[in-house]
Every structure is written in structure tokens, then in C-alpha cells.
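Engineer: Okay, here's the prediction I keep looking at, along with the sequence it came from:
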Amino acid sequence: MDNRPNTADSTNSDLRLTTISASCTGGSCPTIYQSDRGTLVVQGYAVSAARAGVNLPTGELLVEIPVELLTNAARNVS
């Protein structure tokens, strides 16, 4: 059974995002968004899977964000 959420790539439709937590007030910085599909989308710093010692399936990647960003997002998610 596949428990992955429907993503923008898998449904071929636009994805609407709402910011629920950001680490800055302007510009581009690590941010967590809530999608119209009931999922979260994370913007952060790319981490090499090889350097982290993790094997990832095709289509997935590692993203690093500040802990406070995730803590704040947990309080704000609806």
C-alpha cells in the first residue's frame, strides 16, 4: 500500500500554498507552507543525501530547516 500524499507532480495540477511559518519577514528564507491538498511543503537548504548517509527514492530530497520553524508551524497548522 502506498501512503504517499498526492503531490503536484503526481496529480498534474496546480498547487496552492499558504505560509504557516517562515524564518524571516521578507525575501526568500526557510518556510513551511500548507497546501490545498492537506499536505505541508517545506522550503529550506538542500542537503546531499550521499553526504548525510541516506538513500532516497527517486523524486525525494532532503531539506534542512531551523527547529524553531517546525515548532512554530506545528502551532499554526490548521
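Structural biologist: Arrived safely, thanks for sending.

Engineer: can we go C-alpha only for contacts and neighbour counts from here?
Structural biologist: Noted.

Engineer: low-confidence ranges in the protein?
Structural biologist: 1-12 (pLDDT under 70).

Engineer: Tell me where it has helices.
Structural biologist: 8-11, 49-52, 67-76 (DSSP state H).

Engineer: now for the second one, which elements pack on it?
Structural biologist: What it means is helix 49-52. Helices and strands touching helix 49-52, by 3 or more C-alpha pairs under 8 Å, 6 or more residues apart in numbering; DSSP states H and E: there are none.

Engineer: got the contact list for it?
Structural biologist: For helix 49-52, contacts defined as C-alpha atoms under 8 Å, 6 or more residues apart in numbering pick out 55, 56, 61, 62.

Engineer: ok, back up a step: go through the helices of the chain and pick out the most buried.
Structural biologist: Mean neighbours per residue, mean count of other C-alpha atoms under 10 Å, is largest over those for helix 67-76, with a mean of 14.

Engineer: and it, how far from the chain's centre?
Structural biologist: 12 Å (C-alpha atoms, centre = their mean, to the nearest Å).

Engineer: Packing partners of that helix?
Structural biologist: When contacts are defined as 3+ C-alpha pairs under 8 Å, 6+ apart, helix 67-76 sits against strand 17-22, strand 31-35.
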